[in-house]
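Visitor: Below is the sequence, then the predicted model.
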Amino acid sequence: MDRLGNLAIVVGRVLLAALFLAGMVQKATAPEAVQGLLAAHGWPVWLVWPALVFNGLGAISLIFDLWLAPMALALAAYCMVTSLFHFIPADPWQMSIFVKNWAIAGGLLALFGHAVKGPRGQGGADPARVPQVKCRFND
């Protein structure tokens, strides 16, 4: 069962990476679409370029298991922020994208938790390099 679980994690990471790779390619080939969203919300249109780089770095991190915990956390935050561009209650298509962004953020947070705890909660990442969250359920 460990092999199946490990395979599921790798496949999940690759599928998440595909989303960010596609975002990188979309920003590179048709930046005006993202620039339009940014401008419509009063954000600088040049942010498309750091977003493109971040998408690429995120994909590399997910595929190659590099800096997984901090990158999964950063990608989750990115999905949460970018979801706001799609919060248009009158447009069901945009609301679908809004909800999907939050679902992807949820998967990335689960990946972050797995990377921090390691298999079976035995401690994965160096605790000094990962933010610690205390809650009463950790006792």
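Guide: In hand now; what should we look at?

Visitor: And the pLDDT at residue 45?
Guide: For residue 45, the pLDDT comes out at 97.

Visitor: elements contacting the helix ranked longest in the chain?
Guide: For the chain, the longest helix by residue count, based on DSSP state H, is helix 2-29. In terms of contacts (3 or more CB pairs under 8 Å, 6 or more residues apart in numbering; DSSP states H and E), helix 2-29 is packed against helix 31-40, helix 48-64, helix 68-83, helix 92-117. Every residue, glycine included, has its C-beta placed from N, CA and C.

Visitor: for that helix, which positions count as buried?
Guide: Neighbour counts over helix 2-29 (16 or more other CB atoms under 10 Å) mark 9, 13, 16, 17, 19, 20, 21, 23, 24, 27 as buried.

Visitor: same thing with stretch 31-38?
Guide: By 16+ other CB under 10 Å, the buried positions in stretch 31-38 come out as 31, 34, 35, 37, 38.

Visitor: residue closest to the middle of this structure?
Guide: The centroid of the chain falls nearest to residue 75 when counting by CA atoms, centre = their mean (2.9 Å).

Visitor: Would you mind listing the outside residues contacting stretch 59-76?
Guide: Here stretch 59-76 makes contact (CB atoms under 8 Å, 6 or more residues apart in numbering) with 13-14, 16-18, 20-21, 24, 54, 57-58, 104-106, 108-109, 111-112, 115-116, 124-125, 129-131.

Visitor: re earlier: check the buried residues of stretch 31-38 and tell me the two furthest apart.
Guide: Greatest spacing in the buried residues of stretch 31-38, by CB to CB: 31 and 37 (10.8 Å).

Visitor: Output the buried residues of stretch 31-38 in a markdown table; the columns should cover pLDDT and distance to residue 95.
Guide: As requested, these are exported to a markdown table (pLDDT from 0 to 100; distance: CB to CB, whole Å):
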| residue | pLDDT | distance to residue 95 |
| --- | --- | --- |
| 31 | 97 | 24 |
| 34 | 94 | 19 |
| 35 | 96 | 22 |
| 37 | 91 | 15 |
| 38 | 94 | 20 |
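
Visitor: any chance of these in TSV, plus distance to residue 88?
Guide: Shown next, in TSV, are those (distance: CB to CB, whole Å):
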residue	distance to residue 88
31	21
34	16
35	18
37	11
38	15
